[in-house]
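J.: Just a sequence and a predicted model for now, questions to come.
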Amino acid sequence: MPTPPAQFDGVSVVAKANVYFDGGVVSHTVLLPGGKKKTLGLIRAGSYRFNTEAPELMEIIDGACSVAVDGSNKSIFYGPGAQFEVSGKSGFRIDVAEGICQYICTFLR
């Protein structure tokens, strides 16, 4: 499994944060050359449900979470360096038991 990048060079960042669940989840959008888009964010302790329009790759860079992707009956634990994919037009539930989970989300199309 590849190591998530520690920094991104030559990108633009959208200054206004994406704030969900009363600040339980906060991210910033990073625009890469060629039109690709990522978000860098953090998830506070709690349980959150997200819907996806496009396929996504989630990389956990710090902290830990458990994730149940739509169509699966089980929740899988992810720690630093782990990643999971979510199909487009789908969704997932993410649970953070304690502390903060930091992530990189890559939109795959």
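T.: Perfect, thanks for sending it.
J.: so where do the strands sit in this protein?
T.: With strands called from DSSP state E, the chain shows them at 12-13, 18-20, 25-31, 37-52, 56-62, 65-69, 76-78, 83-86, 90-107.
J.: would you list the ones you listed in TSV and tack on mean pLDDT, mean neighbour count and distance to Thr3?
T.: From N, CA and C alone the C-beta is placed, and that goes for glycine too. Putting the strands of the chain into TSV (pLDDT from 0 to 100; neighbours: other Cβ atoms under 10 Å; distance: least, Cβ to Cβ, whole Å) gives the following:
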stretch	mean pLDDT	mean neighbour count	distance to Thr3
strand 12-13	96	10	22
strand 18-20	97	13	25
strand 25-31	97	17	18
strand 37-52	97	17	15
strand 56-62	97	19	9
strand 65-69	97	19	18
strand 76-78	98	14	15
strand 83-86	96	17	10
strand 90-107	97	17	11
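J.: Make CSV out of the ones you listed and add distance to Ala6.
T.: Shown next, in CSV, are the strands of the chain (distance: least, Cβ to Cβ, whole Å):
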stretch, distance to Ala6
strand 12-13, 16
strand 18-20, 22
strand 25-31, 14
strand 37-52, 11
strand 56-62, 9
strand 65-69, 20
strand 76-78, 19
strand 83-86, 15
strand 90-107, 11
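J.: Those strands: which one's closest to Pro5?
T.: strand 90-107 (7.5 Å; Cβ to Cβ).
J.: From the contact counts, what lies against the closest one?
T.: The helices and strands touching strand 90-107, judged by 3 or more Cβ pairs under 8 Å, 6 or more residues apart in numbering; DSSP states H and E, are strand 37-52, strand 56-62, strand 65-69.
J.: Tabulate these in JSON lines, adding columns for distance to Phe107.
T.: Output for the helices and strands packed on strand 90-107, formatted as JSON lines (distance: least, Cβ to Cβ, whole Å):
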{"stretch": "strand 37-52", "distance to Phe107": "5"}
{"stretch": "strand 56-62", "distance to Phe107": "6"}
{"stretch": "strand 65-69", "distance to Phe107": "16"}
